[in-house]
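1. this one's structure only:
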Ligand code: F0G
């Protein structure tokens, strides 16, 4: 494929101007060439999707499918070796789509009519870190963190947003919109701004971190703080997209999930295509786990990997709809909850993609667990102490791993990758409260938990501005280090 030419500012203007005149209606969006929309429940295949991204027959969610990808042997799909070589070669390219850690894998993404439509901030390309201290602590030889917080707006959302926003622009939409616990809105606002689109954000008032809210404001979104929770915001958005020509960019949108698949492609490439035994991911609205699972199954089908890792999903105990759905309803109907957790990113009680998530849990043999507020705070501090840090929602992965090890689901000697979904700086309020020793909300700390947490706390020390005071502090720290 010849290298694509970078988008000229003029070309962007032309696309944007077209979009204002040929404004898309909620009537439908065609499937990309060679692809179809498939209902996850009844399997109905269609060539266009309405803005709710739900099946017109049974009302369930749609996914994007390429009929040529399954059982690739003998079909027109490229060979695994060709794909691996092409993706590797692109790392040396200077073109914007090749520099994107998402579009670099474009053979396994829906095809844009013209690569000039790509809206990219060089997303993806995130590091895979070793976590040696945490590995030692839990007794595993290999523990890795795939840090999606190192994306341009600080969360994994960017990998999905580059794809869905690009397709929104291609379809001629002028407005994009989302309901959010903060990260989706930050990401959507950035990609909309880069692509010359207007963005509308619906967030629950007082329930998202200021850092995330400030991103949406800076990137120019029309930001509405609604007096409800995330689930209320998402419900309202579903009605809005049927009444107004806005393109919804929640993870109900299957183009988002296509982009989020690339986390798994990039991870396996970083592991030289040797599957880890386990991948552990936080669960909120359950789009990300569904996307990673879809990617693993596609890679397996295409022969890119020979063994499926087990994909496990961890939720906060106060936002445990999937855990309860599996335990109380055998995964047959959704058990919704009134969500409450200090990990505000996953404060979701009515997850949209629950069926997709159950499907990937079953297909990969993964587990679903819940962790307490104290577990989350402790795990977040332990990851921080490795010098990389993450936001509270991401720390459920380490907390969940400890539980899965205790249950014998993860075995000593197995390799594990934790997906860290957001950057430490996404929620400085949580971090400051923890280190200052403020009581954790929604959780009574027992005496033993308090002293354990105390050892992880590093509160700021206020001193007179004298050399003596600083030296005394150094000496005290050294003494307590030796005693520890
Ligand atoms: N981790 C972080 C940091 C998140 O922001 C989210 C979701 C999740 C995990 C859960 O991912 O919903 O795909 O299961 N945040 C959404 C938002 C809901 O609006 O930013 P999921």
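-> The structure has been received and is ready for your questions. These numbers come from a predicted model, not from an experiment.

2. Provide a list of residues in contact with residue 344.
-> 181-182, 207-209, 392-393, 427 (CB atoms under 8 Å, 6 or more residues apart in numbering). All C-beta spots, glycine's among them, are computed from the backbone N, C-alpha and C.

3. out of the residues you listed, which are buried?
-> For the contacts of residue 344, a burial check counting by 16 or more other CB atoms under 10 Å picks out 181-182, 207-209, 392-393, 427.

4. Keep those residues, but drop any that are not near the ligand.
-> Counting by CB under 6 Å from any ligand atom, 181-182, 393 from the buried ones among the contacts of residue 344 sit close to the ligand.

5. Restricted to helices, list these.
-> Using DSSP state H, residue 393 are the members of those that sit in helices.

6. Out of the ones next to the ligand among the buried ones among the contacts of residue 344, which is nearest to residue 377?
-> For these, the closest approach to residue 377 (CB to CB) belongs to residue 393, at 12.2 Å.

7. Now the residue nearest to the spatial centre of the chain: closest residue in space that isn't a chain neighbour?
-> Of all residues in the chain, the one closest to the mean position by CA atoms, centre = their mean is residue 156, 4.0 Å from it. If the residues on either side of it in the chain are set aside, residue 156 comes closest to residue 148, at 3.5 Å by CB to CB, 6 or more residues apart in numbering.

8. and what of residue 133?
-> Of all residues not flanking residue 133 in the chain, residue 386 sits nearest, at 5.5 Å (CB to CB, 6+ apart).

9. quick one, phi psi at that neighbour?
-> As for residue 386, its main-chain torsions (degrees, to the nearest 10) stand at phi -80, psi 0.

10. what about it, neighbour count?
-> Look at residue 386: counted by other CB atoms under 10 Å, it has 18 neighbours.

11. That one and residue 137 touch, don't they?
-> No: Residue 386 lies out of contact with residue 137 (CB atoms under 8 Å); the separation is 10.2 Å.

12. From residue 367, how far out is the nearest residue to residue 152 once chain neighbours are set aside?
-> Leaving aside its chain neighbours, residue 152 sits nearest to residue 121 (4.0 Å; criterion: CB to CB, 6+ apart). The span separating residue 121 from residue 367 equals 34 Å under the rule CB to CB, to the nearest Å.

13. got the contact list for residue 394?
-> If you count contacts by CB under 8 Å, 6+ apart, residue 394 has them with 149, 282, 380, 383, 418-422.

14. For the ligand, tell me which of these show up nearby.
-> Okay, of the contacts of residue 394 touching the ligand (CB under 6 Å from any ligand atom), that's 282, 421-422.

15. before we move on, the earlier item: can you list the contacts of residue 394 in JSON lines and add neighbour count, pLDDT and secondary structure?
-> Supplementary listing: the contacts of residue 394 in JSON lines, determined by neighbours: other CB atoms under 10 Å; pLDDT from 0 to 100; DSSP: H, G, I helix; E, B strand; the rest coil:
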{"residue": "149", "neighbour count": "25", "pLDDT": "98", "secondary structure": "helix"}
{"residue": "282", "neighbour count": "32", "pLDDT": "98", "secondary structure": "strand"}
{"residue": "380", "neighbour count": "27", "pLDDT": "98", "secondary structure": "helix"}
{"residue": "383", "neighbour count": "26", "pLDDT": "98", "secondary structure": "helix"}
{"residue": "418", "neighbour count": "29", "pLDDT": "99", "secondary structure": "strand"}
{"residue": "419", "neighbour count": "26", "pLDDT": "99", "secondary structure": "strand"}
{"residue": "420", "neighbour count": "31", "pLDDT": "98", "secondary structure": "strand"}
{"residue": "421", "neighbour count": "30", "pLDDT": "98", "secondary structure": "coil"}
{"residue": "422", "neighbour count": "32", "pLDDT": "98", "secondary structure": "strand"}
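
16. Which parts of the stretch 1-150 of the chain are strands?
-> Under the criterion DSSP state E, counting those that start in this stretch, strands of the stretch 1-150 of the chain are mapped to 29-30, 36-39, 45-46, 48-49, 62-65, 128-130, 142-147.

17. Pull up the pairing partners for the last one, direction included.
-> Strand partners for strand 142-147, identified by DSSP bridges, are recorded as strand 128-130 (antiparallel), strand 415-420 (parallel).

18. The ones you listed into JSON lines, with extra columns for distance to residue 67?
-> Shown next, in JSON lines, are the strands paired with strand 142-147 (distance: least, CB to CB, whole Å):
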{"stretch": "strand 128-130", "distance to residue 67": "32"}
{"stretch": "strand 415-420", "distance to residue 67": "29"}
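
19. Ok, which of these comes nearest residue 54?
-> strand 415-420 (27.2 Å).

20. contacts for the closest one?
-> Where contact means CB under 8 Å, 6+ apart, the residues beyond strand 415-420 that reach it are 128, 131, 140-149, 156, 263, 267, 276-282, 288, 292, 309, 383, 388, 390, 394, 397-398, 401, 410.

21. Moving C-terminal from it, which element do we reach first?
-> Tracing the chain C-terminally past strand 415-420 and defining elements by DSSP states H and E, one meets helix 428-436 next.

22. how much does the helix or strand following that following helix deviate in direction from helix 428-436?
-> For helix 428-436, the succeeding helix or strand toward the C-terminus, using DSSP H and E, is helix 447-454. Relative orientation of helix 447-454 versus helix 428-436 (axes from the mean of the first three to the mean of the last three CA atoms, to 10 degrees): 110 degrees.

23. What residues of the helix or strand following helix 447-454 count as buried?
-> The helix or strand immediately downstream of helix 447-454 is helix 467-483, counting by DSSP H and E. For helix 467-483, the buried set under the neighbour-count rule, 16+ other CB under 10 Å, is empty.

24. Give me the mean pLDDT for helix 467-483.
-> Taken as a whole, helix 467-483 carries a mean pLDDT of 92.

25. my read: the residue nearest to residue 156 touches residue 263, true?
-> Yes: checked against CB under 8 Å, the pair residue 148 and residue 263 is within contact range at 6.3 Å.

26. Mind listing the shared neighbours of those two?
-> By the contact definition CB under 8 Å, 6+ apart, residue 148 and residue 263 are jointly contacted by 126, 156, 159, 419.

27. host element of the third one?
-> I take that to be residue 159. helix 157-170.

28. Ok, residue 279 next?
-> Of the helices and strands defined by DSSP H and E, residue 279 is found in strand 278-282.

29. Okay, now the sheet partners of that strand, with direction.
-> Looking at strand 278-282 with DSSP bridges, its paired strands and their directions are strand 310-316 (parallel), strand 415-420 (parallel).

30. re the thing from before, farthest-separated two in the contacts of residue 394?
-> Longest distance between any two of those is 14.5 Å, between 380 and 419; criterion CB to CB.

31. just the helices in the stretch 201-350 of the chain please.
-> Listed from the start of the chain, the stretch 201-350 of the chain has helices (DSSP state H, counting those that start in this stretch) covering 210-218, 230-243, 254-260, 262-270, 287-302, 321-329.

32. For the second one, name the packing helices and strands.
-> Contacting helix 230-243 under the criterion 3 or more CB pairs under 8 Å, 6 or more residues apart in numbering; DSSP states H and E are the following elements: strand 175-179, strand 198-204, strand 222-226, strand 246-248.
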